[in-house]
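Asker: model this:
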Amino acid sequence: MALRIVRLGSPRAPDEGLRIGTVRRPPRGVPKSEFASGNWYDVWYPNLAPSVETMKLGQAAETPAQWAQFMRRYKAEMAEPEAERSLQLLAALSLHSAFSMGCYCEDEARCHRSVLRELMRQHGAALVEG
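Answerer: A predicted model of the protein is given here:
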């Protein structure tokens, strides 16, 4: 049992379990009835997505300094009580259940899911690497 950090819309691993979308918006042009069957997500959980303002910072980041600013801002949002409780809950669940969470971005290194991976590790989550 463990947590996978995935790109939403990618093929599911055989033992991936429930897929959680930690995105601000649902996938464009995809009917809600096809979110799960299209490998987007089973449950939408925007509570762990960057705020709109922070998301725009990340999307516009062109330099390492700008990306670092995005990461600081997103980490600050995830340190807020509601997000912190969500991270603690998901980390604890990862020790007993298989599930995944992620975002649409092609490059994880330039996506909030890279920060989510780090935060989940810090919270003691059991993570599937790779």
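Asker: how about the strands of this protein, start to end?
Answerer: Applying DSSP state E to the chain gives strands spanning 3-7, 18-21, 43-44, 99-103.
Asker: Output the below-cut-off pLDDT ranges for this structure.
Answerer: Counting by pLDDT under 70, the low-confidence segments of the chain come to 130.
Asker: Spatially central residue for it, please.
Answerer: Centroid-nearest residue in the chain: residue 102, 3.5 Å away (criterion: C-alpha atoms, centre = their mean).
Asker: Now that one. Nearest residue, chain neighbours left out?
Answerer: Setting aside the residues directly before and after it, residue 102 is nearest to residue 6 in space (C-beta to C-beta, 6 or more residues apart in numbering), at 4.0 Å. Any C-beta I mention is one placed from the backbone N, CA and C, and that applies to glycine too.
Asker: Which strand residues bridge the residue nearest to the centre of the chain?
Answerer: According to DSSP bridges, the residues that bridge with residue 102 are residue 6, residue 21.
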